[in-house]
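# Model the following, please.
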Amino acid sequence: MKAIVLDEPGCLRLADIEVPTRVGPNEALARVRRVGICGTDLHAYGGNQNFFSYPRVMGHELAVEILAIGAVDGALDYTVGDTCCVIPYLNCGSCIACRRGKSNCCTRMQVLGVHIDGGMREQFTLPADKLLKADGVPLEQLALVEMLCIGAHAAQRARIAPGENALVIGAGPIGLATAQFAKIAGGDVLVMEVNPARLEFCADVLGIDKLVDARADAMGQVKALLGGELPTLVFDCTGSARSMQGAFDYVSHGGSLVLVGHITGDIAFSDPLFHSREMTLLASRNATPADFAWVIESLRAGAIDLSPWITHQATPESIVTDFPSWLDPATGVIKAMLSFD
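Model prediction:
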């Protein structure tokens with residue numbers, strides 16, 4: 001069967017691998033229908049993704065069809081033939097984080113497509129409890145649920161108060177998802193971005209009118225939008241050390257900074273600034289089952305229109321040549337989608 005393998009940075013190929021022949025206890029066999037291309041995949045291709053090892057079958061934003069289910073302990077809400085999205089975080093269930101309900105940062109976390117092979121293949125087996133049925137949600141949207149969950153989890157971490165000024169720095173897909181769910185949570189959202197097309201997307205698709213062009217006097221623009229003040233909540237979704245370090249400057253006294261993106265190195269910040277503002281610093285990693293439920297509920301309710309997000313399509317044959325171009329902002333990719341149909 002077909003699989004997309006990243007052998008090393010910059011080396012992507014279409015491979016022929018064996019079809020799974022066994023479904024073990026508490027496992028399901030899934031036919032992959034759609035795969036959303038994530039920033040994680042792009043960073044892995046570029047050789048700068050945390051926690052990633054090569055060679056790897058990438059892919060963790062997945063819409064799948066259930067082909068078989070092994071003997072399962074407990075009840076499932078799906079059956080053979082159903083389409084589902086996938087929770088790609090394989091947690092241990094017993095470590096200190098899992099015991100406290102934070103399965104998203106399990107000490108022995110294995111993420112599909114990052115630590116272990118993911119869904120850029122026609123079929124694969126996975127734990128049965130990592131499948132979520134979402135009646136009424138189309139395949140393309142199912143494949144973007146996990147991406148939206150990253151933003152939803154960041155918004156949940158921030159505990160946004162109704163009407164709270166929330167600045168989202170970076171309007172890549174994760175930044176857009178964060179802005180979307182910060183808005184759904186009741187925040188008064190600002191978005192800062194260097195790419196004018198992304199700012200236009202925020203205005204036209206997300207309905208956000210407080211936009212900051214990061215190319216010129218961003219601080220002045222933020223203060224002008226907020227009557228001379230700074231936001232009490234800042235999300236950095238860039239995955240850029242320079243931006244992450246600069247994000248501290250935008251947080252008001254008594255405010256919070258949520259680092260959603262991450263890098264492979266260190267960041268530094270001014271301790272006097274941090275302490276003088278009694279700032280709260282939070283990391284946001286992956287998502288919880290509750291975040292998935294929130295996203296699916298929002299999609300069913302029509303709170304999000306995902307159609308404009310999907311700007312590029314690929315087949316297993318075309319993705320090997322198309323993929324490198326998606327690293328270039330000039331390509332205009334918001335979300336690319338791989339189809340195995």
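
# Where does pLDDT dip in the stretch 1-150 of the chain?
The stretch 1-150 of the chain contains no residues with pLDDT under 70.

# can we see that at 80?
Within the stretch 1-150 of the chain, the set of residues satisfying pLDDT under 80 comprises 48-51.

# quick one, helices of the stretch 1-150 of the chain?
Using DSSP state H, counting those that start in this stretch, the helices found in the stretch 1-150 of the chain span residues 39-46, 96-99, 139-142, 145-158.

# So which elements touch the longest one?
Here helix 145-158 is seen to pack against strand 61-69, strand 83-86, helix 173-184, strand 233-236, strand 256-259, helix 289-300 when contacts are counted using 3 or more CB pairs under 8 Å, 6 or more residues apart in numbering; DSSP states H and E. Every residue, glycine included, has its C-beta placed from N, CA and C.

# neighbouring strands for the second one, and are they parallel or not?
Translated: strand 83-86. If you go by DSSP bridges, strand 83-86 pairs up with strand 61-69 (antiparallel), strand 131-133 (antiparallel).

# Please save the CA atoms from that strand in PDB.
Listed next in PDB are the C-alpha coordinates belonging to strand 83-86 (Å, rounded to 0.1, in the frame of the first residue of the first chain):
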ATOM      1  CA  THR A  83     -15.700   7.900   9.800                       C
ATOM      2  CA  CYS A  84     -13.900   9.400  12.700                       C
ATOM      3  CA  CYS A  85     -11.200  11.900  13.600                       C
ATOM      4  CA  VAL A  86      -8.200  10.800  15.500                       C
END
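
# So V114 is in contact with F51, correct?
Yes: between V114 and F51 a contact is recorded at 5.6 Å, counting by CB atoms under 8 Å.

# Show me which of these two is the more surrounded one.
Each of V114 and F51 has its neighbours counted (other CB atoms under 10 Å); V114 has more, 24 against 13.

# need the contact list for V191.
For V191, the contacting residues are L167, V168, A171, G175, A179, L199, C202, L206, I208, K210, L211, V212, by CB atoms under 8 Å, 6 or more residues apart in numbering.

# V191 versus the fifth one, what's the distance?
Pointing back at A179 there. Going from A179 to V191 by CB to CB, to the nearest Å gives 5 Å.

# List the residues that are in contact with both of the two.
Taking CB under 8 Å, 6+ apart as the contact rule, A179 and V191 both touch V168, A171, C202, L206, I208.

# name the element the first one belongs to?
Right, the one you point to is V168. Using DSSP states H and E, the secondary-structure element containing V168 is strand 165-169.

# What lies in contact with that strand?
By CB under 8 Å, 6+ apart, strand 165-169 touches 158, 160, 175, 178-179, 182, 187-193, 212, 214, 222, 226, 229, 231-238, 243, 247, 250.

# If we use 7 Å, what do you get?
Residues from elsewhere that reach strand 165-169, judged by CB atoms under 7 Å, 6 or more residues apart in numbering: 160, 175, 178-179, 182, 187-192, 222, 226, 231-238, 243, 247, 250.

# can you check stretch 144-164 too?
Contacts to stretch 144-164, defined as CB under 7 Å, 6+ apart, come from residues 36, 38, 60-61, 85, 88, 104, 166, 173-174, 177-178, 180-182, 185-188, 232-233, 235, 256, 258, 260, 282, 284, 286-288, 291-292, 294-296, 306, 309, 335.

# Thank you kindly, that will do.
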